[in-house]
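> Structure for the following, please:
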Amino acid sequence: MLSVVVLISGGGSNLRALLQRCEEAGFPARVVAVGADRDAPGIVHADEFGVPTFLVPFPYYDSREEWGQALLREIRKWAPDVVVLSGFMRLLPDAVVDALGPRLINTHPAYLPEFPGAHAVRDALAAGATETGASVILVDHGVDTGPVLARERVPVLPGDTEGTLHDRIKPVERRLLAQVLRDVADGTLDLEGAA
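Numbers count the residues shown, from 1 in each chain. So this is what the prediction gives:
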């Protein structure tokens, strides 16, 4: 059974979907803890599913590196096989990426390398794109520049807003993440080899 720590910053809708997936018979992964860098409303999903949580608030530390080391200590308490960034909106310090990689993955609401960064859905609409997508990647030292583990196209429909488009991307993102975790658990996907 693959043990997973999930890091969030916001509402945690993708976290909730993963927690539900983990309850399905035969799904080979379990979320062992959920962490956040702020008082994220999504923590309630972990509470509802009985999953332990931890909070490492960024402003409590004198530097990004100091915060990163505190976050790393919390993550290591759970000895996860994989760490998933799911709506985690803070860049991890290089030392944290180096310590957790290549078993550190991120979901992203675009067909990477198109539209990296925090506003991928808005950027796709602003660019007039006719399609965007969802991706699951390994985290590296860049912003959404790591090796792609899975990705899928999602059409941009006439009249789409940032909200409607994001609502269509999220189910794809969730399905791709579940498939990547399955593939890692059964050995189909070797994260070391993908790095």
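
> Which residues does stretch 142-151 contact?
With contacts defined as C-beta atoms under 8 Å, 6 or more residues apart in numbering, stretch 142-151 is touched by 91, 105-106, 108, 110-113, 116-117, 120, 133-140, 176, 179-180, 189, 194-195. Backbone N, C-alpha and C define where each C-beta goes, glycine included.

> List buried members of those by neighbour count.
Buried by 16 or more other C-beta atoms under 10 Å: 105-106, 108, 110-112, 116, 120, 133-140, 176, 179-180, 189, 194, out of those.

> From these, which land in strands?
Those of those mapping onto strands are Ile105, Asn106, His108, Gly133, Ala134, Ser135, Val136, Ile137, Leu138, per DSSP state E.

> And the worst-scoring helix or strand of the chain on mean pLDDT, how far out from the chain middle?
The helix or strand of the chain with the poorest confidence is helix 191-194; it has a mean of 92 (mean pLDDT, DSSP states H and E). Centre-to-centre, helix 191-194 and its host chain are 17 Å apart (C-alpha atoms, centre = their mean, to the nearest Å).

> Then stretch 119-139?
15 Å.

> Return the set of buried residues in stretch 50-66.
Val51, Thr53, Phe54, Val56, Arg64.

> Run a quick neighbour tally on the nearest residue to the fourth one once chain neighbours are set aside.
The reference is to Val56. Excluding its sequence neighbours, the residue lying closest to Val56 (C-beta to C-beta, 6 or more residues apart in numbering) is Leu71, at 4.5 Å. Neighbourhood size, Leu71 [other C-beta atoms under 10 Å]: 23.

> Go ahead and list the helix or strand containing Leu71.
Per DSSP states H and E: Leu71 is located in helix 64-76.

> again, but for Val44
Assigned by DSSP H and E, Val44 falls in helix 43-48.

> how far out from the middle of the chain is that helix?
Distance of helix 43-48 from its chain centroid, counting by C-alpha atoms, centre = their mean, is 17 Å.

> average pLDDT across that helix?
Averaging pLDDT along helix 43-48 gives 97.

> which residues are in contact with the next helix or strand along the chain from it?
For helix 43-48, the following helix or strand on the C-terminal side (DSSP H and E) is strand 53-55. Identification of contacts with strand 53-55 by C-beta under 8 Å, 6+ apart yields Ala33, Val34, Gly35, Ala36, Asp37, Arg38, Asp39, Ile43, Ala46, Asp47, Glu74, Lys77.
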